[in-house]
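>>> Pasted the sequence and its predicted model underneath.
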Amino acid sequence: MKSKILIVDDEKNAREGLKKGLARPEYEILLAGSCEEALQIIGETHLDLVLTDLKMPGMSGMELLTEVRGTRPGITVIMMTAYGSERIAVDAMKAGAYDYVTKPINLEELVITLERALSRRRLEEVNINLRTQMASRYGFENIVGSSAGMMAVMDVVRQIAPTKSTVLIEGESGTGKELIAHAIHAAGPRKDGPFVAVHCAALAESLLESELFGHEKGAFTGAGRRRIGRFEMADGGTLFLDEVSGIKPETQVKLLRVLEEHKFERVGGSTTIEADVRLIAATNRDLSAMVKEGTFRDDLYYRLNVVSIKLPPLRERKGDIPLLADVFMREIRRENDKDVRSISREVIDAFRVYDWPGNVRELRNVVESMVVLCPGTVLEESGLPPPLKEPVQAAPLLLRGMTVQEAEKALIIDALKECRSKTEAAGSLGLSRRTLHRKIKEYGIG
């Protein structure tokens, strides 16, 4: 795709000469003889870069810069100035110009400057797209669940996202702790800053300290160069410490100091470094029990546990399973270009019976496997992995000895307990809301 460049110069020969000199397949060059004409073109055309003379009759290049920065900040501006006017050009850079070149123009140097500016602009666009994708992927709307437990979690997340408070997220493995951390970051004032994650339990103690705080060259055997730690990387953003229970007491002391003073030194260094970081920690263990055992510092625990979020396991929010499965199915079929359109009732029943020891992560993995291996357009019971087939086959035994009416009543009572509303319960049972109301009245369910 060609980069669109607008050259603005009141001297016709100068602007046309530049157009000829910059004739390249990757550029589309437009010309304007005044700033007023340039503004009209800018308002009608998607431009990547404006190369403008500084001094012109009427509106000056500096005034054009101010207009562009105010109305089209995504456009890069480079100034052209006569020899000896560099000081004015520097003022223009302070006002938002990317760079300046002096007349007479050296075409080779100009092309280098243009390419550098366009490369930076492309990088900025990539970063903007990534931030947009992150916001889309990790926004509140992507945290699926209407169960009472998840609604309570989301209420807390909405309240704390705009704050700077440290957050401790507790929950079993696979419940979505990192997704919640991303949502807090994406909805807060640091959303344009970095989100840096460290999985503490996966690193040896010596490596974890270097990972968090960085190290200087020669700090230990194998430290051949300086390393920037995750706290420095997360400056201005959020640091997510997953499985914080895996941090040993020696490193806990250093982490506590950072939380209290916002300062630290790299391993093997003496220079004090400051970092403005919001900390979110997560654990699948009971930290309060570890404090009682003496394996986790109580002062660090209280520093981390300013706001606590407890994620319910999937077995306690089974009413969310049909929606989660459908979301995963749609996402995975898109990623794998599969024409899978729905999930059979039998599969959903199997999902609801199973206890999901691996939680939401396990559910997603099961759906992914079924979608990838599905020979048709519907996920059928035959595609269930062995662990999920057994509960389905055993399920009718639970109702043995009951009449059809008694079994139906038991299923309705179970659905009403698991779901947040009668509408949700009706959906999970495959009934209309009106039919469910009629059966509740018929069976005298309170």
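Sure thing, it's come through.

>>> Please count neighbours and contacts with C-alpha atoms only from this point.
OK.

>>> Spell out, range by range, the strands that occur in the protein.
3-8, 27-32, 49-53, 76-82, 99-103, 167-170, 195-199, 238-242, 263-265, 272-274, 278-283, 307-310, 342-343, 378-379 (DSSP state E).

>>> The closest residue to R315 other than its chain neighbours and L39: what is the separation?
Leaving aside its sequence neighbours, R315 sits nearest to D355 (CA to CA, 6 or more residues apart in numbering; 5.2 Å). Distance of D355 to L39, computed by CA to CA, to the nearest Å: 64 Å.

>>> got it, and A325?
Counting by CA to CA, the gap from A325 to L39 is 52 Å.

>>> who's more crowded, the two?
Set A325 next to L39 and count neighbours by other CA atoms under 10 Å: A325 wins out with 23 against 15.

>>> so the more buried one sits right up against L363, yeah?
Yes. The pair A325 and L363 passes the contact test of CA atoms under 8 Å, sitting 7.3 Å apart.

>>> what about the strands of the chain, which gets the closest to A148?
Relative to A148, the nearest member of the strands of the chain by CA to CA is strand 307-310, separated by 12.6 Å.

>>> Am I right that F213 is in contact with E265?
Yes. Contact criterion CA under 8 Å: F213 and E265 qualify, at 6.8 Å.

>>> So the two - more neighbours on which side?
F213 (22 against 18).

>>> From T295, how far out is the more buried one?
As judged by CA to CA, F213 and T295 stand 22 Å apart.

>>> Equivalent analysis for R72, please.
Applying CA to CA to R72 and T295 gives a distance of 56 Å.

>>> Can you spell out the domain ranges of the chain, please?
By the record's domain assignment, the chain is partitioned as 3-131, 139-312, 316-443 (automatic domain parsing).

>>> picking that back up, okay, the residue nearest to R315: pLDDT?
Looking at D355, its pLDDT reads 88.

>>> Can you give me the neighbour number for it?
D355 - counted by other CA under 10 Å - has 16 other residues nearby.

>>> next one: L203
L203 has 14 neighbouring residues, counting by other CA under 10 Å.

>>> if I look at it, how far off is N305?
Here the criterion is CA to CA. By it, L203 lies 23 Å from N305.

>>> Can you give me the end-to-end span of stretch 303-312?
End-to-end span of stretch 303-312 (CA to CA): 23 Å.

>>> Run a quick neighbour tally on R116.
With neighbours defined by other CA under 10 Å, the count for R116 comes to 12.

>>> Relative to M93, how far out is it?
To M93, R116 is 15 Å away according to CA to CA.

>>> now do S308
For S308, the distance to M93 equals 47 Å [CA to CA].

>>> now swap in V367 and tell me
From V367 across to M93, the span is 54 Å (CA to CA).

>>> More neighbours: the two, which one.
Neighbours per residue (other CA under 10 Å) separate V367 from M93, with V367 holding more: 25 against 18.

>>> Below-threshold pLDDT in the stretch 101-250 of the chain: ranges please.
Counting by pLDDT under 70, the stretch 101-250 of the chain contains low-confidence ranges at 123-142.

>>> Could you pull out the helices in it for me?
Applying DSSP state H, counting those that start in this stretch to the stretch 101-250 of the chain gives helices spanning 107-138, 148-160, 177-186, 205-213, 230-233, 249-261.

>>> With distance to E408 as extra columns, can I get those in a markdown table?
Formatted as a markdown table, the helices of the stretch 101-250 of the chain follow (distance: least, CA to CA, whole Å):
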| stretch | distance to E408 |
| --- | --- |
| helix 107-138 | 39 |
| helix 148-160 | 24 |
| helix 177-186 | 36 |
| helix 205-213 | 55 |
| helix 230-233 | 55 |
| helix 249-261 | 54 |
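
>>> Figure out which of those is closest to D9.
Using CA to CA, the helices of the stretch 101-250 of the chain put helix 107-138 closest to D9, at 15.4 Å.
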